[in-house]
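[1] heads up, no residue letters with this:
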């Protein structure tokens, strides 16, 4: 039997702000808050191990050094790439420069704490994205 990734932990200064941002981006809900300020978000109504990756936003004041070795790629589910780009910017994302040429079919963005992610061109089925 193989393992499956069920949770991704992101160290951050402000779990509340990132939870609000990523819930809005991904259509997730807050699933749990612990006593030290960590927040777990994911598709609503799922148990751990069921469909959908959960994100744990873990409070940390450790300084971040340089570009992250891991990032999200997201695809729109109900609109084209340009409309989704505007929605993400309205939610608080900002454009990021990681050395792209401008000829890419994706947009590089950063969340409110500067964590890079890419908006890809393809539209995906909402049910398959959970």
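    Thanks, I have the structure now. This one's a predicted model, so the numbers in the text were calculated from it and none came from an experiment.
[2] Quick check: end-to-end length of stretch 99-106?
    13 Å (Cα to Cα, to the nearest Å).
[3] and whichever strand or helix holds residue 85, what does it pack onto?
    In the assignment (DSSP states H and E), residue 85 maps to helix 81-91. For helix 81-91, the elements it packs on are helix 15-26, strand 107-110, strand 116-119, judged by 3 or more Cβ pairs under 8 Å, 6 or more residues apart in numbering; DSSP states H and E. All C-beta spots, glycine's among them, are computed from the backbone N, C-alpha and C.
[4] and the next helix or strand after it, which strands flank it?
    Downstream of helix 81-91, the first helix or strand assigned by DSSP H and E is strand 94-95. When pairing is defined by DSSP bridges, strand 94-95 lines up against strand 107-110 (antiparallel).
[5] what is the mean pLDDT for the strand it pairs with?
    The average pLDDT within strand 107-110 is 95.
[6] Pull the distance from it to the chain's centre.
    11 Å (Cα atoms, centre = their mean, to the nearest Å).
[7] Check stretch 36-47 too.
    Its chain's average C-alpha position is 13 Å from that of stretch 36-47, according to Cα atoms, centre = their mean.
[8] Over to stretch 65-84?
    8 Å.
[9] how about it: buried residues?
    72, 74, 75, 76, 77, 81, 84 (16 or more other Cβ atoms under 10 Å).
[10] Determine which two of these are furthest apart.
    72 and 81 (15.5 Å; Cβ to Cβ).
[11] one step back: okay, the helices and strands packed on helix 81-91 in a markdown table with distance to residue 101 and mean neighbour count next?
    Formatted as a markdown table, the helices and strands packed on helix 81-91 follow (distance: least, Cβ to Cβ, whole Å; neighbours: other Cβ atoms under 10 Å):
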| stretch | distance to residue 101 | mean neighbour count |
| --- | --- | --- |
| helix 15-26 | 25 | 19 |
| strand 107-110 | 11 | 19 |
| strand 116-119 | 14 | 19 |
